[in-house]
Each structure stands twice: as structure tokens, then as C-alpha cells.
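Asks: Kindly return the folded structure for what I paste below:
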Amino acid sequence: MTSLCASYMFADWIQTPNHKTIHMRYMRLLNGFKRQTIKPFTTATTTTTNAAMITRTPSYNIKAEFQGVNETYAIDSDAYDFLLQECVNMRTPSEGQKVHAQMLVTGVLTQSVFLATKLVGMYAYCGSMKDARQVFEKIPKRNVFSWNAIIRGCVRDGHCQEALKLYYQMQQEGLSGDSYTFPIVLKACAEIAALEQGEEIHRSVVRGGLELHVNVANALISMYWKCRRIENARQVFDKMSVRDAVTWNTMIAGYFEIGNCEEAEKLFDEMQMGKSKPDVITWSAMISGYEQNGHGDDAVRSFSKMQLAGVKANSVTIASVLASCADLAALQQGKEIHNYMIRNAFESYVFVGNALIHMYAKCGKLDDAYEVFSNMPERDLISWNAIISCYALNGYCDEALGLFDQLQMTGMNPNVITWSAVIAGHTQFGHSVEALKLFGRMQLAEVKPNSVTVATILPSCADLAALQRGKELHNYTIRNNSGSNVIVGNALIDMYAKCGSLEYARSVFDKIVERDVISWNAIIAGYRMHGHGEDALTLFYEMQQAGIKPDHITFIAVLSACSHAGLVDEGWRYFDCMTQEYGIFPRVEHYACMVDILGRAGQLDEAYNLIKRMPQKPNACVWGALLGACRKHYNIELAECAAKHLYELEPKTTGNYILLSNIYAASCRWEDAAKVRTLMKDRGLNKKPGCTWIEVKNKVYSFVVGDTSHPQLNEIYLTLDSLAGQMKAEGYVPDTNFALHDVDEEEKEHILYGHSEKLAIAFGLMSTPPGMSIRITKNLRVCGDCHSATKFISKIVGRKIIVRDWNRFHHFEDGLCSCGDYW
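Replies: Model prediction:
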């Protein structure tokens, strides 16, 4: 009765509309079979199928089991083979289960190892490994094909260790692998980098005489590449008498993967001269290999050669060459490839569209990028990340956030890449407070930051001198084992240095195992910022001894260190050695450093002569360095010259007008100072107010000059009044030259008390425990009076006060400053 019900179910199934395709193909096949009446067996007989002896139990007339089929016929193994293959082709394991049920009814599974193996293969291919394993375990006499089917299924399902266990179990049952077995198990070894097992299987291959079999050899080459045994892979390759396209492609891609472009090119040329000509996979390997190794020009040229060779690109080729166009900002070539995509109907590929968005974004064509995005028939999260990054990293942070909100409305959740992109945009364009807020939102959304996120948010901590936030991020990297990442390490060095904690910066630097040039640049710049010029130069010497070649950024840090330490002769020596020893020709930034070195030392005429000898046209940095030196040494004539050039180069930069106005005011030339202020007003420019930040209990507070908005303003001014009396008793005299207003001396003193750095220091003294260091950050250069006052305050309150202005750090302690008053 059970078998009859199962048969009815099977007959109904093959005629249901949902399975019309299988039913029609099945009936066409069935009509071609020889119809026969099956006579019942009276005794068990045996027959040979697939060279395996199996026991066949008594059969029966299938006509009785299939209602709706008029003629008497038997479904033989070919029919079951066909049906199972159809299930594989259509990826329908549930339908395969119905065929399985009928096979159980007819008893065919116990009669045919071939069909049992086919059933294992069907389940394995459709991802039903539990069912595949159950069928496999019930096969009475498994052959090598049965083992291949179950092992292949395990590898396809990602269970490579289990696949290897089955391989060893097969050997224990006395079966050796064949030319199908070895590629499967070698792939398992490659996936999990199981070199020891792979070498053992290689020895079995040699014993079986299959080392020169092209599929086996290809699998060996792939396994050795995945295990980074390049010499072994090459030995297998060199021994091969016959090589197919897979052989060449694997070797070429492997050499590109380890950065050996020259050897990959040699193999490509050799392949062109042989029987196996480069196919689309070969060309794609060449193009993507060049792109991944930073040879974008070669990638674009290879794409052109590929077209000339008459090989049609695939989606992988297109995505790779677009990435190269993006790296090169090669807009014209990118547009040509876009046209190629349209002609060859590649626009429907989501990941190709994503690459196109990225290309236009890197070329600064935001409108084109958005047009591609908006016309995509289907978008994935990568598409959204690409367009959000496009706007964020080009400074359109509000638009990026708008797209971020749209993404959430689609039902897709932003991932760590999405968050990192919007945070990076805000950090890069100076929106540090917003960047930290976004990072907080990311944490609330329970999205785990990665090393890129941490390296992206740390500059915002540095910008705001948010040391406590930076420390928390550092602890996070330690807990998540990303502290040894060189990119994160470099960002931590920079953050600690800019937050005034040079000791922590040096500690991070010392723990980086493989330092790159950026690591050295960051620590040298850190010592430079803190006024330790000679220590910075010692680090530069250690960098040279470590075999790290300095770049142009290194020399900017070194020359700046000489400037802050007043090392004029050393500055000239390093300036000259750039070209003589390292072949680095000085850029405008290096000349600006030399002008600053000479100007700070009072050698203004020599600085001006150097500007006139420059091979390049001086930019705003150069003239700004001269103008700043004129402010220090009250050289009005050269200040006017420098300001004239700055007004032409940066007509909208208010700082240049303010600096010249202050120079006039300091010399009591109030009329000239007023003219500069009037010029600013006529040009619609407003002075950027002095602003100082201080972090207290993980919150950043800001103060502007003459601030009246702070809720504790009365207590702050009472604290300043108390300090003023003590400071004057210690000998402090307000330097009213820095109250650049035409008012009486008493009013000037009152103006000086309202400077933002004094307000922040007073608030810090009120809000932190006695003895705790105070760290503040100012957006402008600290004024001379505040510098003098802070020295007195540090002595009176017995605290270390660390002030970071736009250019450097001042460490005040016990009445002294680390700059030695040379700043």
C-alpha cells in the first residue's frame, strides 16, 4: 500500500503544471524507450552495472503503479538519470526528493550504484548535504565515483576539512583516487591552505602516475599558489608536457598576486606563442593584475590590445579596467569604456555599474556618477556605498547624508563601509564634531568599526584635541587585535601627537613592527610640533639607518623641525641634501619652510632673496611665511610686499588682511590698520574669531574671544580675576601690544582677559581635579600676551598646561614654555 501511494504521488507530480518542463522532457524520453513487460523474478538474480556487482531484487509490472499511463513500460536507469539531471539543471532539490521517493519504491537504489551516486550528486549540487550524506552512507558497495560525488559536495559547500576526512576514509576502504578525485581534494587543500595535506596528496598523485594529467596538474599549481609555495607551483608547471588555458591563467594570475608583474608578462608572451591562446580570462587576469599592482596605464593599454586581438571583454574585465581609469583619473578612457558597456549590454551588471560610479567619482564627475546610479535597474549595498562615498569624499557631506537616509528607507542597513565613508567625508573636510557624532550613531546602530573606520575617525579626535576619545579608540583597537595594523598605528601616532601626548605617540611608534615611511613621517612631525627639533632630527637619522627612504613629506617635517628649533644651518644642509642625496627636487612647500626658518631667525632679507630665486612661482604658503616673520620682527615694508602678493593669490582669505592690520596696529599705525579693515569690509570678508577648545569628562567645550554664552561665565571671570591678582604679584605685566584696538591701556587689559585661550584655561581649572594637566586647542596662533600669562598661571596653580595652536604645541610648566619663547 505504501509503495502504491508513493507511486500515485510520483505520477501526479510529473503531470503538475509547476513541473511542466520536466514532465514534457520526461515524456519525450519515455516514448523513445523500448516498451516491455517485466515478468516477476522468482529468485534473486545479479546484473552488472558500472562495473559493480549489485544484487537485484524481484521487480514488478510498473503499469499497475502508474495511473494515467496507458501502456505497460518500465522506467530504466536512463530515465532516472535524466530526471535527476533535470533536477540538477533546475536546482530543485525538492523535486529530486520525489524522484528519490519513487526510486525507493522501485528498489532501484539497491540495484544501481550508478543511480545512487547520481542521487548523491544531485543533493550535493543543490546544497542538500544532509540528504546527500544519508544516501551515500546507505550505498552498499561504494565506488570511486560515489566518493567523488560526496567529496565534491563537501568542497562546494565549504566543508573542506570534512572533504579531506572523507578522502582519507576512502583510502582506508582500499580505493585510490582518480583524475577526478585529486582536483577536488587539492581544491579543498587550497581553500584552507592545508599545505601538509596537499603535499601528501601530491605524493599520491605521483604514485598514481597522474602528475602530468592536465586537470590534476592545474589543481596542484592552484593549491601551491594558495599556500604561497611559488617554487613548487613553478616546478609542476615546468614539468607539464601539455598545458591548457587554465594552466597559463593560474600562473599569470599567481605572479600578479605576489606583485611579480615582470614574470607574469613573460608567461603571457610565452602563451601567445604557444597553442593555448589568451582568452578573456587571461586578458582579465592581466588587466586586473596591473590594476592591483598600481600599473593603471598598463591595464588600460592591455584592454586596448585585447580589443585589437578580437577577444570580447566580460564583466570582470570591464570592472577591472574601470578601476584603473579611476586610479588614473582617466576620464576620457573611462567614458570610452562606458560607451563600450552600452554597445555590449553590460549596464545591467550591478558590480560593473558600481565600478562606473567609482570611476566618475574619482574623476570628480559627480553628476555623471549619480546619473549612472539613478539609471541602474538594480542596486545593491555596494552601489549605495559607491555613490555615498562619491559625495562624501568630494566634500558634499550634506548630500552624502541625504543619500545615507535614502538607503535606510530602502530597507537595506548601512554597513561598516557606509558609515566609514560618511565619517571620512566629514573628517576630511574639517567637520570633526559631526564626524564624532556620526561615529556615536554608528556605535548605537551596533555596527562594529573596522581598522579603516578607526583610522578615519582618529583625525577628528586629533583636530579637536579630544584625547580621551582617542584613548578609547586606542583601547578598542587593542581589544580587537587591530592595534598592530600599520595604518591604525600611524593614525594613532598622529592623534596622540596632535592631542599633546608625545609620550603616547612614541609608545605607539615603538610598538609598530613594520614601520613604513608614513610611520616615520608622523613621529618626526610629532616631535617637530612639540618643539623638539633636535629629537626630530635624531629620528630622521634613525629612519635612514633603518633603510627607509624619506619622501618629500619627510623633508617638510625635518625642515619645519629646524624652523621651530631655530636651526638655520641644519635647515640649509637638509634642504641641499634633498637633491644631492635623494634626488628629491624641492617643491614650493620646502621653499616655504626655508623662508620660515630664515624669517623666524630674523634673516628677512635673505628670506626675500630666496623667494626671488625660486624656480617655481611662489604660492600663498611662501608669502604667508614671510608675512608671519614680518609680524614677529615688525618689518612693515616687506609685510606690505608679502600682503600684496597674498591678496592676489588668496583674495578671500581673511587671515592675510588681519595679519597686516595687526602689524600696522602694533606699530600704532591705526589709520593704515583701519584701511585694511575697510578693504576687508568692501570685499565682503569677516574676521574669523579666535576659538579655543577644551575636553572635559569626554565632552568638548568651545570658547570664542569675549565669549558671553557659556553658562558658567561668571565663575570663569571670577577665576580669571583671582589669577590676575596673583600673576601681577609674580611680575606679570599685560602686553597690550596684542590688544590691537585704539583704546586706552585699561580697556586693552580688559580685552586681553577675554581671549579665548584664557577663558578655556580658567574653565579647565574649575572643572578638573588639582594637579591634572590641562590641554587646550586654538584655531589661530596663540597671542604673545596669552603665552606670557599661561607661563605665570602654570607656576601659580602647579599644573602642566598644554596649548596647541594652528602651528605647534606649547608645554607650560612651572613658569616655563617648551618653545623657549622662540615661536
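Asks: Tell me how many other residues crowd Glu378.
Replies: The burial count assigned to Glu378 is 9, neighbours taken as other C-beta atoms under 10 Å. (C-beta placed from N, C-alpha, C; glycine too.)
Asks: what's the distance between the most centrally placed residue in the chain and Ile417?
Replies: Centroid-nearest residue in the chain: Val452, 5.8 Å away (criterion: C-alpha atoms, centre = their mean). For Val452, the distance to Ile417 (C-beta to C-beta, to the nearest Å) stands at 8 Å.
Asks: Would you confirm that the residue nearest to the centre of the chain contacts Thr418?
Replies: No. Using C-beta atoms under 8 Å, Val452 is not in contact with Thr418; the gap is 11.9 Å.
Asks: re earlier: what residues are up against the residue nearest to the centre of the chain?
Replies: Residues in contact with Val452 (C-beta atoms under 8 Å, 6 or more residues apart in numbering) are 416, 420, 487.
Asks: and after the helix or strand containing it, which helix or strand comes next?
Replies: Under the criterion of DSSP states H and E, Val452 resides in helix 451-464. Proceeding N to C from helix 451-464, the next assigned helix or strand is helix 467-479, under DSSP H and E.
Asks: what helices or strands is the following helix or strand past that next one leaning on?
Replies: Heading C-terminal from helix 467-479, the first helix or strand you meet, by DSSP H and E, is helix 486-498. In terms of contacts (3 or more C-beta pairs under 8 Å, 6 or more residues apart in numbering; DSSP states H and E), helix 486-498 is packed against helix 451-464, helix 467-479, helix 502-511, helix 517-529.
Asks: any chance of these in JSON lines, with mean pLDDT too?
Replies: Below are the helices and strands packed on helix 486-498 laid out as JSON lines (pLDDT from 0 to 100):
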{"stretch": "helix 451-464", "mean pLDDT": "93"}
{"stretch": "helix 467-479", "mean pLDDT": "92"}
{"stretch": "helix 502-511", "mean pLDDT": "95"}
{"stretch": "helix 517-529", "mean pLDDT": "96"}
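Asks: Flag every buried residue along the strand or helix carrying Gly725.
Replies: In the assignment (DSSP H and E), Gly725 maps to helix 713-729. Residues of helix 713-729 classed as buried: 716, 719-720, 723-724, 727 (neighbour count, 16 or more other C-beta atoms under 10 Å).
Asks: Including pLDDT and distance to Ala355, could those go into JSON lines?
Replies: Converted to JSON lines, these look like this (pLDDT from 0 to 100; distance: C-beta to C-beta, whole Å):
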{"residue": "Ile716", "pLDDT": "93", "distance to Ala355": "55"}
{"residue": "Thr719", "pLDDT": "94", "distance to Ala355": "59"}
{"residue": "Leu720", "pLDDT": "92", "distance to Ala355": "59"}
{"residue": "Leu723", "pLDDT": "93", "distance to Ala355": "61"}
{"residue": "Ala724", "pLDDT": "90", "distance to Ala355": "64"}
{"residue": "Met727", "pLDDT": "91", "distance to Ala355": "63"}
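Asks: Can you list phi and psi of Val704 for me?
Replies: phi -110, psi 160 (degrees, to the nearest 10).
Asks: what's near enough to touch it?
Replies: 689-691, 756.
Asks: Is it bridged to anything, and to what?
Replies: Bridge pairing for Val704 (DSSP bridges) gives the partners Cys691.
Asks: Alpha carbons of the helix holding Val452, as PDB, please.
Replies: The C-alpha trace of helix 451-464 is given here as PDB (Å, rounded to 0.1, in the frame of the first residue of the first chain):
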ATOM      1  CA  SER A 451      40.500  49.400  11.100                       C
ATOM      2  CA  VAL A 452      39.600  51.800   8.300                       C
ATOM      3  CA  THR A 453      36.800  53.300  10.400                       C
ATOM      4  CA  VAL A 454      39.200  53.800  13.300                       C
ATOM      5  CA  ALA A 455      41.900  55.300  11.100                       C
ATOM      6  CA  THR A 456      39.200  57.600   9.700                       C
ATOM      7  CA  ILE A 457      37.800  58.900  12.900                       C
ATOM      8  CA  LEU A 458      41.100  59.400  14.700                       C
ATOM      9  CA  PRO A 459      42.000  62.600  12.700                       C
ATOM     10  CA  SER A 460      38.800  64.100  14.000                       C
ATOM     11  CA  CYS A 461      39.900  63.400  17.600                       C
ATOM     12  CA  ALA A 462      43.200  65.000  16.700                       C
ATOM     13  CA  ASP A 463      41.600  68.000  15.200                       C
ATOM     14  CA  LEU A 464      39.500  68.700  18.300                       C
END
